[in-house]
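K.L.:
Pasted the sequence and its predicted model underneath.
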Amino acid sequence: MKKIKLLVLAGFIAFMGKNTVHAATYQVKTGDSLYTISKSYNTNSDYLKAANNLSSNLIYPGQSIQVPTIRYTVKAGDSLYLIAKGYGVTLSNLRFANGIWTDALYVGQVLTIPTGGNSTYVNPTSAYVISCTSSEVDLLARLINAEAGGESYSAMESVGAVIVNRVKNSTFPNTITKVIYDTSYGYYQFTPVANGMINKPATTASLNAAKAALSGLDPTHGALYFYDNTATNSWLRSKTVALVSGKLIFAY
């Protein structure tokens, strides 16, 4: 976890050096510390140090500190990825500004939006990379839940990405519904369709993963197939592996 934080910090410093920063200026008062200032602005000391190019925690009265001023209240169906995309900031910078290193969010949670992005939220669901209906978003989420509900969130996003990649690929049908219900030699392509698990309701996590995949997030970088590690199909096994996530293997 510490290594991840250091990598994110390095990336954030590089980002700040390349972008115009839109933030409020706070004048340090007697008795202030980076910690107390960061708590007042719903962020953390490390973020303020990076945003202001400070080499230590030492500050002095009268010093100008750049602080983030945009807040976002988490709503049902939100994810860190979608919030970051909606404000035009990177996922890693959003994590860093809020000290969040998992994908867990709760409705009503208040997040600080790091400087350097949009001043207003632009709904990323209006910019899905493929055309789909609201019922198809739910269908995709149900497939993700059935195929990867017991796996990591990244694996869930990856399952969604495979469906999106197929819709975009001329070799496969051109809608989510047609891809999910596609057959080959009389057999459904996806086991949950055959055994009825596709009808199990989507979860919040699977819905968020579906929206992330539809918005272009693809941990597999273009995979068109996935299977679990017990699969014996030699044709699938012959495909180039793109990603292994838990029990699921994604391939081109």
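P.N.:
That came through fine.

K.L.:
residue boundaries of the strands in the chain?
P.N.:
With DSSP state E as the definition, the chain shows strands at residue ranges 24-27, 64-67, 71-73, 110-112, 183-184, 187-188, 225-228, 241-245, 248-251.

K.L.:
which other helices and strands contact the third one?
P.N.:
So the one you mean is strand 71-73. The helices and strands touching strand 71-73, judged by 3 or more C-beta pairs under 8 Å, 6 or more residues apart in numbering; DSSP states H and E, are strand 110-112. C-beta coordinates here come from the backbone N, C-alpha and C atoms, glycine included.

K.L.:
and the strands of the chain, which is most packed in?
P.N.:
Of all the strands of the chain, strand 248-251 carries the top mean neighbour count, a mean of 22, counting by mean count of other C-beta atoms under 10 Å.

K.L.:
So in that sheet, which strands flank that one, and in what orientation?
P.N.:
In the sheet, strand 248-251 lines up against strand 225-228 (antiparallel), strand 241-245 (antiparallel) (DSSP bridges).

K.L.:
residues making contact with stretch 212-227?
P.N.:
With contact meaning C-beta atoms under 8 Å, 6 or more residues apart in numbering, stretch 212-227 is reached by 79, 81-82, 85, 124-125, 127-130, 132, 137, 140, 147, 154, 157-166, 169, 171-172, 233, 236, 239, 242-243, 245, 248-252.

K.L.:
Of all residues in this structure, which one is nearest the centre?
P.N.:
Among the residues of the chain, the one closest to the centroid is Tyr81, at 2.9 Å (C-alpha atoms, centre = their mean).

K.L.:
Look up how far Ala155 lies from that one.
P.N.:
15 Å (C-beta to C-beta, to the nearest Å).

K.L.:
what does Ala84 give?
P.N.:
Distance of Ala84 to Ala155, given as C-beta to C-beta: 20 Å.

K.L.:
Among those two, which residue is more densely surrounded?
P.N.:
Neighbour count, other C-beta atoms under 10 Å: between Ala84 and Ala155, Ala155 has more, with 25 against 21.

K.L.:
circling back: report the buried members of the contacts of stretch 212-227.
P.N.:
Those of those that meet the buried threshold are 79, 81-82, 85, 124, 130, 132, 137, 140, 147, 154, 157-166, 172, 239, 242-243, 245, 248-251, by 16 or more other C-beta atoms under 10 Å.

K.L.:
where are the low-confidence patches of the chain?
P.N.:
By pLDDT under 70, the low-scoring segments of the chain are 1-23, 124-126.

K.L.:
in it, which spans are helices?
P.N.:
Taking DSSP state H, the helices of the chain run over residues 2-18, 34-40, 45-51, 80-87, 91-98, 134-148, 153-168, 176-180, 191-195, 204-214, 234-237.

K.L.:
Just put the ones you listed in JSON lines and tack on distance to Tyr106.
P.N.:
Shown next, in JSON lines, are the helices of the chain (distance: least, C-beta to C-beta, whole Å):
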{"stretch": "helix 2-18", "distance to Tyr106": "22"}
{"stretch": "helix 34-40", "distance to Tyr106": "20"}
{"stretch": "helix 45-51", "distance to Tyr106": "21"}
{"stretch": "helix 80-87", "distance to Tyr106": "12"}
{"stretch": "helix 91-98", "distance to Tyr106": "13"}
{"stretch": "helix 134-148", "distance to Tyr106": "19"}
{"stretch": "helix 153-168", "distance to Tyr106": "15"}
{"stretch": "helix 176-180", "distance to Tyr106": "28"}
{"stretch": "helix 191-195", "distance to Tyr106": "28"}
{"stretch": "helix 204-214", "distance to Tyr106": "10"}
{"stretch": "helix 234-237", "distance to Tyr106": "38"}
